[in-house]
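# the following comprises the amino acid sequence and a computationally predicted model.
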Amino acid sequence: MKIYSLINEFSSLDPCVFTLGIFDGVHIGHQKIIKNLILRSRKKYCSVLLTFHPHPKEILNTNKKFFYLNTLSERIYNLKKTGIEHLIVHPFTTNFSKLRTKDFLKKILHPKSKIRKIITGYDSIIGKNRDSSYEELKKISHKYGIKVYKVNPYKFQKKIVSSTHIRESLLLGNIQWANRALGYFYTLSGNVIEGKGIGKMINFPTANLQIDSKKLIPKQGVYAVKINYLNNMYLGMLNIGINPTLEKENRKIKIEVHIFDFFENIYGKKIDILMIRIIREEKKFNSIQELKKQICMDKINIQKFFSCEKKIR
């Protein structure tokens, strides 16, 4: 896959099949669009995907902080796995948002590439003030001899798979639906940083994770997780929260993972935490002893869960 950081960097001698969108999460709905793109490009055309960064919501709605399902590097990695040939990651700016669809096609896209087909999602609305739906895009594209194909939504458990619905599910702690909609385990990645060592004091040492500040953090609680460290997979339990039993002042959300049967020093090392399911919500306990007792129960429940999962397989 060839990667371009601007639309102007891309040009093609061969006719292209083209799609565009944010593709945050590269979920199974996105994958359906990309499969259609690759299918329609087979043998005769090259496949091109145009994505934008930052997300338009981050630029156009500055009053509300926006969180991503994928960091940009994760998105590129996930898109690379789909088999597309050309990926354009174009900066989304306020000026770019003012461009009308007809001008975008006429002045930017069409002169740079030999687009023959455009694949669009069911809800794609592009251009200044979101001025072009599928039907409008079809009319504009027709002038340039470009065919436009719409891909119907992908539904799971009667719910449309979308980046918005996945974000909502993660914030509600519905990790299992989010994972099925993504087509992979939602992952928190980052370097291990030093904590206060409280976990070690109660015989549950934890690795504190520093993740990208714009990455979406799921609902506070205790989770069954798998940990990828140096391409080795371990089981563990993750706590997302403010540690209300132990922390009296610092209310910052922490991401701490206890890795089962693991004794290495991994400060400064990168780990990936694959989120499997929520075990319980975060709770304030009356004492450290009460907290320790609950953590022991959490570990037993998670080990039972993974043991059952293994038997099912």
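Now that the structure is in, tell me what you want to look at. On a predicted model such as this, the values are computed, not experimentally measured, just so you know.
# can you give me the helices in this structure?
Remark: helices assigned in the chain by DSSP state H are 28-41, 56-60, 72-80, 94-97, 101-103, 110-112, 134-142, 163-172, 175-182, 198-201, 288-312.
# for Tyr154, which of these is the nearest?
helix 28-41 (4.2 Å; Cβ to Cβ). Yep, even glycine has a C-beta here, placed from its N, CA and C like the rest.
# contacts for the closest one?
Residues outside helix 28-41 that contact it (Cβ atoms under 8 Å, 6 or more residues apart in numbering) are 16-19, 21, 23, 47, 49, 79, 82-85, 117, 119-121, 149, 151, 153-154, 156, 160-162, 180-183.
# and what of stretch 220-236?
Stretch 220-236 is contacted by residues 173, 175, 185, 237-242, 253, 257-262, 266, 269, 271-282, 298, 302-303, 305-306 when judged by Cβ under 8 Å, 6+ apart.
# now it: buried residues?
In terms of neighbour count (16 or more other Cβ atoms under 10 Å), stretch 220-236 has its buried residues at 220-229, 235-236.
# dump those to a markdown table, plus pLDDT and distance to Asp212.
What follows is these, written out as a markdown table (pLDDT from 0 to 100; distance: Cβ to Cβ, whole Å):
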| residue | pLDDT | distance to Asp212 |
| --- | --- | --- |
| Gln220 | 97 | 18 |
| Gly221 | 97 | 21 |
| Val222 | 97 | 22 |
| Tyr223 | 98 | 19 |
| Ala224 | 98 | 23 |
| Val225 | 98 | 18 |
| Lys226 | 98 | 20 |
| Ile227 | 98 | 18 |
| Asn228 | 98 | 17 |
| Tyr229 | 98 | 18 |
| Leu235 | 97 | 24 |
| Gly236 | 97 | 21 |
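# among these, name the ones in strands.
With strands defined by DSSP state E, the entries of the buried residues of stretch 220-236 inside them are 221-229, 235-236.
# let me know the closest of the residues you listed to Pro205.
Gly236 (11.0 Å).
# what's across from the closest one in the sheet?
Val225, Ile259 (DSSP bridges).
# quick one: contacts for Glu290?
Thr245.
# for Thr82, see how far away it is.
48 Å (Cβ to Cβ, to the nearest Å).
# output the lowest mean pLDDT helix or strand found in the protein.
helix 110-112 (a mean of 67; mean pLDDT, DSSP states H and E).
# hmm, back to that, buried ones among the contacts of helix 28-41?
Counted by 16+ other Cβ under 10 Å, the contacts of helix 28-41 give 16-19, 21, 23, 47, 49, 79, 82, 84-85, 117, 119-121, 149, 151, 154, 161-162, 180-183 as buried.
# what about Asp212, neighbour count?
Each residue near Asp212 was counted by other Cβ atoms under 10 Å, and the total is 16.
# tell me the phi and psi of the residue nearest to it when sequence neighbours are not counted?
Excluding the flanking residues, the one nearest Asp212 by Cβ to Cβ, 6 or more residues apart in numbering is Thr71, at 5.0 Å. Phi and psi for Thr71, reported as degrees, to the nearest 10, are phi -70, psi 170.
# residue contacts, Thr71?
Contact analysis of Thr71 by Cβ under 8 Å, 6+ apart lists 189, 212, 214-215.
# quick one, grab the pLDDT at it.
As predicted, Thr71 sits at a pLDDT of 97.
# okay, domains of this structure per the record?
Annotated domains of the chain cover 2-159, 186-312 [automatic domain parsing].
# a markdown table please, covering these and showing distance to Ser169.
Formatted as a markdown table, the domains of the chain follow (distance: least, Cβ to Cβ, whole Å):
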| stretch | distance to Ser169 |
| --- | --- |
| domain 2-159 | 9 |
| domain 186-312 | 9 |
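# what residue ranges in the stretch 51-200 of the chain score low on pLDDT?
110-112, 125-133, 197-198 (pLDDT under 70).
# which strand runs longest in this protein?
Max-length strand for the chain by DSSP E is strand 270-281.
# now that one against helix 163-172, angle please.
Relative orientation of strand 270-281 and helix 163-172, computed by axes from the mean of the first three to the mean of the last three Cα atoms, to 10 degrees: 60 degrees.
# now do strand 270-281: distance to the chain's middle.
15 Å (Cα atoms, centre = their mean, to the nearest Å).
# so what touches it?
Under Cβ under 8 Å, 6+ apart, the answer for strand 270-281 is 173, 175-176, 179, 185-192, 207, 209, 218-229, 236-238, 255, 257, 298, 301-302, 305.
# swap in 6 Å and give it another go.
173, 175-176, 185-189, 191, 221-229, 238, 257, 298, 301 (Cβ atoms under 6 Å, 6 or more residues apart in numbering).
# with just CA atoms, put that strand into CSV.
C-alpha atoms of strand 270-281 as CSV (Å, rounded to 0.1, in the frame of the first residue of the first chain):
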residue,chain,number,x,y,z
LYS,A,270,4.9,-0.6,25.0
ILE,A,271,2.0,-3.0,25.6
ASP,A,272,-1.3,-3.5,23.9
ILE,A,273,-4.4,-4.2,26.0
LEU,A,274,-7.2,-6.1,24.2
MET,A,275,-10.5,-5.5,25.9
ILE,A,276,-12.7,-8.6,26.2
ARG,A,277,-15.5,-7.9,28.6
ILE,A,278,-16.5,-5.8,31.6
ILE,A,279,-16.6,-7.6,35.0
ARG,A,280,-18.0,-4.9,37.2
GLU,A,281,-18.3,-1.1,37.5
